[in-house]
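*Asks:* Quick check, what structure comes out for this input:
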Amino acid sequence: EVQLQASGGGLVQAGGSLRLSCAASGFSFDDYAVGWFRQAPGKQREGVSYISGASDGRTHFADSVKGRFTISMNNAKNTVYLQMNSLRPEDTAVYYCNARVLTTARPYWGQGTQVTVSS
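*Replies:* Residues are numbered from 1 along each chain as shown. Model (predicted):
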């Protein structure tokens, strides 16, 4: 059974940093892309970043977070990290961990973690 456990959210001032963790179980990173979506109040869920578990380790970032967020994968710990720097109030949202099968695009979701950035 695929399970994703997100953690690391919190309250931070603008310009600060947070690191989100997505601990995964029940599947091999080799066959998945793992990443993060976010949903702010009154807005649709949007993709933030993902990293492929395939050998190319391809990453993707939404334009709104490029240059501020980085994503990494620790295969030994079955965990994906989202390092968020230079946070802005508009980054405030619930962040959801997502895993997607590379061949079929079937998604799996973890619970959300709240990130609040104060101005």
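*Asks:* And residue 70, how far from residue 17?
*Replies:* Distance, residue 70 to residue 17, using CB to CB, to the nearest Å: 11 Å. (Each C-beta comes from the backbone N, C-alpha and C, glycine too.)
*Asks:* what about those two, which has more around it?
*Replies:* residue 70 (16 against 12; other CB atoms under 10 Å).
*Asks:* What's the separation between the residue nearest to residue 78 when sequence neighbours are not counted and residue 75?
*Replies:* Closest residue in space to residue 78, ignoring its immediate chain neighbours: residue 24 at 4.9 Å, by CB to CB, 6 or more residues apart in numbering. Using CB to CB, residue 24 is found at 10 Å from residue 75.
*Asks:* just so I have it, where are all the strands in this protein?
*Replies:* In the chain, strands defined by DSSP state E lie at 3-7, 10-13, 18-25, 32-39, 46-52, 59-61, 69-74, 79-84, 93-101, 107-118, listed in chain order.
*Asks:* would JSON lines of the ones you listed with mean pLDDT be doable?
*Replies:* Output for those, formatted as JSON lines (pLDDT from 0 to 100):
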{"stretch": "strand 3-7", "mean pLDDT": "96"}
{"stretch": "strand 10-13", "mean pLDDT": "98"}
{"stretch": "strand 18-25", "mean pLDDT": "97"}
{"stretch": "strand 32-39", "mean pLDDT": "96"}
{"stretch": "strand 46-52", "mean pLDDT": "97"}
{"stretch": "strand 59-61", "mean pLDDT": "97"}
{"stretch": "strand 69-74", "mean pLDDT": "96"}
{"stretch": "strand 79-84", "mean pLDDT": "97"}
{"stretch": "strand 93-101", "mean pLDDT": "96"}
{"stretch": "strand 107-118", "mean pLDDT": "96"}
